[in-house]
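>>> fold the following, please.
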Amino acid sequence: MAGAFEAATKTALEEMIQAHAQASKFGYILSPDGLQDLVAEIYGLIVTSRSLKAAGDRLMSGGPVGVAGTKSPSLRPKR
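Numbering: from 1, shown residues only. A predicted model of the protein is given here:
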């Protein structure tokens, strides 16, 4: 299972870099604005990854699975 997550993460990072950098014959060039945008996007990926891991850990321990800052949906039927 870790192999699938690793491959998906590497692909996501590659796509992020390509979206913010300019290809040249010498490789990729990253402008200062592109760098700030890329760092913000990578930071967002890390925050999302940590939130998903925490939710998975709560699920495995039998606790509530809601994402931080949100309420878990009720499993009771509405009347």
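
>>> just checking, what packs against the helix or strand hosting residue 57?
Using DSSP states H and E, residue 57 falls within helix 32-61. Applying 3 or more CB pairs under 8 Å, 6 or more residues apart in numbering; DSSP states H and E, we find helix 32-61 packed against helix 2-20. For glycine as for every other residue, the C-beta is placed from the backbone atoms N, C-alpha and C.

>>> name every strand pairing with the next helix or strand after the helix it packs on and say which way it goes.
The helix or strand immediately downstream of helix 2-20 is strand 22-24, counting by DSSP H and E. Partners of strand 22-24 in the sheet, by DSSP bridges, are strand 27-29 (antiparallel).

>>> so where is this structure shaky, pLDDT-wise?
Under the criterion pLDDT under 70, the flagged ranges of the chain are 1, 64-79.

>>> recalculate using a threshold of 90.
For the chain, the stretches with pLDDT under 90 are 1-6, 8-9, 49, 52-79.

>>> spatially central residue for it, please.
The centroid of the chain falls nearest to residue 45 when counting by CA atoms, centre = their mean (2.8 Å).

>>> in terms of contact, does that one touch residue 12 like I think?
Yes. The pair residue 45 / residue 12 is scored as a contact, 6.4 Å apart, by CB atoms under 8 Å.

>>> distance from the helix holding residue 57 to the middle of the chain?
In terms of CA atoms, centre = their mean, to the nearest Å, the centre of helix 32-61 is found 4 Å from the chain centre.

>>> for that helix, buried residues please.
Going by neighbour count (16 or more other CB atoms under 10 Å), the buried part of helix 32-61 is 34, 38, 41, 55.

>>> same check, this time on stretch 6-21
Neighbour-count burial for stretch 6-21, counted by 16+ other CB under 10 Å, picks out 16, 20-21.

>>> likewise stretch 20-31?
Neighbour-count burial for stretch 20-31 flags 20-21 (criterion: 16+ other CB under 10 Å).

>>> so what touches stretch 31-42?
With CB atoms under 8 Å, 6 or more residues apart in numbering as the test, stretch 31-42 has contacts from 13, 16-17, 20-22, 30.

>>> redo that, cut-off 6 Å
16, 20 (CB atoms under 6 Å, 6 or more residues apart in numbering).
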